[in-house]
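Novice: Output the structure for:
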Amino acid sequence: PPAQATALGIPLSAIGTSKASERYPTPSVRADLKINDNNSAFLRWSSFSNEEPNQTGGGIIPAGTGLLFHDRMQGGEAQLVSVISPTLINEFRWGLTRRKDWTTNMQSGVTTSDVITTITSVAQLGADLNYGISSTEQNIDVNDDMTKSKGRHTFKFGVDYEHTLVDNTNQLMQSYTFANLAAYESNIAITPVQDYQSTNFQVGNPRIVNNWNSANFYLQDEFRITKKLTINAGLRYQTIIWPGLDKNAPNVLSRTIHPSHFDLAPRLSFSYQLTPSTVLRAAGGLYFDTPDWNVFTNISLLNGDYI
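Specialist: Take a look at the predicted model:
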């Protein structure tokens, strides 16, 4: 309400919604090369950038005091295809991507050490809950695939190695919450304990760096039993080498990640040409999803020793 905004020194123009906008420049360059009759390659570079003002703002956060979100990504990849023989082809790929995002406050003079003051259903003053957060993720992927034709069979087999680095910095929260404007106005110096509802002060190291390594292997056989019937069978193995955790962490659940090194994923499919214009297909298999890296970053960060 205007009266409460005036009492807090908030301009009436800062009440209500905050205007936000985004732009996504995504330039990309690719070069294709024919080395000789048996070898060809391509190189590609891509980029992404984004500036999002007022990522937070509006409601109880005065306009112009929210976050400015920054996002950058650079990436490159290369592929070499080699025809080793009339029945054997090799494909080698390499890729590197690096993405960084961070937040700054649109209000000048605010630092990450400023206290966040929340007056319930009225206003949030000072810093923002997500101010000062940054994240860098770098991914390197190398894989090699071979295709071999023999009679009615087409065999494919390959290996893949992936390395992921995640570097996160979080905010050490310092906040007070007041039940109403009257409680806040009587406690400008933040001294009488009875005037605020809750307080939250975090101490420790807000930065955590983790590295993951993943290795995968697969084989596949496409068997053309007849001109109409084709069966495709395959098997994939994958494993993740988790980052080392602090075995002496106060939080027992943050000490160990139990790995699985027996993730075998079989796949089977078939296709049958019923008529010249109709093909019947069916497929099934077992798949293992890659977990969200942020879950394990939080396990490391909130282990009772860092924060």
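Novice: what is the rounded mean pLDDT of stretch 246-255?
Specialist: Averaging the model's pLDDT scores along stretch 246-255 yields 79.
Novice: in that stretch, what counts as buried?
Specialist: Neighbour-count burial for stretch 246-255, with 16 or more other C-beta atoms under 10 Å as criterion, is recorded at A249, S254. Where you see a C-beta, it was placed from the backbone N, CA and C, and this is true even at glycine.
Novice: chain center to that stretch: distance?
Specialist: Distance of stretch 246-255 from its chain centroid, counting by C-alpha atoms, centre = their mean, to the nearest Å, is 24 Å.
Novice: For that stretch, measure first residue to last.
Specialist: From its first residue to its last, stretch 246-255 covers 5 Å (C-alpha to C-alpha, to the nearest Å).
Novice: ok, now stretch 15-32?
Specialist: For stretch 15-32, the separation between the terminal residues is 54 Å (C-alpha to C-alpha).
Novice: can you pull out the strands in this protein?
Specialist: Assigned strands in the chain, in chain order: 28-36, 39-52, 67-85, 88-105, 116-119, 123-126, 134-150, 153-169, 174-178, 198-201, 207-224, 229-241, 263-275, 278-285 (criterion: DSSP state E).
Novice: Which one of the ones you listed lies nearest to A14?
Specialist: Distance to A14, taken as C-beta to C-beta, is lowest for strand 123-126 among the strands of the chain, at 9.6 Å.
Novice: Please look at V209 and T164 and confirm they touch.
Specialist: No - contact status for V209 versus T164: not in contact, 11.6 Å apart, counting by C-beta atoms under 8 Å.
Novice: Among the two, which residue is more densely surrounded?
Specialist: The residue with more neighbours, out of V209 and T164, is T164; 19 against 13, by other C-beta atoms under 10 Å.
Novice: Relative to H70, how far out is that one?
Specialist: Relative to H70, T164 is positioned 21 Å away (criterion: C-beta to C-beta, to the nearest Å).
Novice: which parts of stretch 39-56 are buried?
Specialist: Within stretch 39-56, the residues that qualify as buried are F48, E52, P53, N54, Q55, T56, counting by 16+ other C-beta under 10 Å.
Novice: now those as CSV including distance to N232 and pLDDT?
Specialist: Converted to CSV, the buried residues of stretch 39-56 look like this (distance: C-beta to C-beta, whole Å; pLDDT from 0 to 100):
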residue, distance to N232, pLDDT
F48, 35, 92
E52, 44, 85
P53, 50, 81
N54, 51, 74
Q55, 46, 69
T56, 49, 72
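Novice: which one among those residues gets closest to I89?
Specialist: For the buried residues of stretch 39-56, the nearest to I89 is F48 (32.1 Å; C-beta to C-beta).
Novice: Run through the stretch 1-150 of the chain and note the low-pLDDT ranges.
Specialist: 1, 55, 57-58, 64, 109 (pLDDT under 70).
Novice: let's see 80
Specialist: When residues are selected by pLDDT under 80, those of the stretch 1-150 of the chain lie in 1-22, 54-66, 105-114, 126-130.
Novice: was I right about R236 contacting V159?
Specialist: No - using C-beta under 8 Å, R236 is not in contact with V159, being 11.0 Å away.
Novice: Between the two, which has more neighbouring residues?
Specialist: Between R236 and V159, R236 has the larger neighbour count (other C-beta under 10 Å), namely 20 against 14.
Novice: for that one, what are its contacts?
Specialist: When contacts are counted by C-beta atoms under 8 Å, 6 or more residues apart in numbering, R236 is found next to N216, F217, Y218, L264, A265, P266, R267.
Novice: Pull the most distant pair out of these.
Specialist: Checked with C-beta to C-beta, those reach their widest spread between N216 and P266, with 14.4 Å between them.
Novice: And these two? Which one has more around it.
Specialist: Just comparing N216 and P266: by other C-beta under 10 Å the higher neighbour count belongs to N216, 18 against 11.
Novice: From Q238, how far out is the nearest residue in space to L229 that is not next to it in sequence?
Specialist: Take L229 and drop its neighbours on the chain: the residue closest to it by C-beta to C-beta, 6 or more residues apart in numbering is Y272, 5.1 Å away. The gap separating Y272 from Q238 is 30 Å, by C-beta to C-beta.
Novice: Roughly how far does the residue nearest to T120 when sequence neighbours are not counted sit from E185?
Specialist: If you skip the residues right next to it in sequence, T120 has A179 as its closest partner in space, 5.7 Å away by C-beta to C-beta, 6+ apart. For A179, the distance to E185 equals 12 Å [C-beta to C-beta].
Novice: you'd agree G158 is up against K148?
Specialist: No - proximity of G158 to K148 does not meet the contact threshold set by C-beta under 8 Å, at 11.5 Å.
Novice: of those two, who's got more company?
Specialist: More neighbours surround G158 than the other of G158 and K148, with 19 against 16 (other C-beta under 10 Å).
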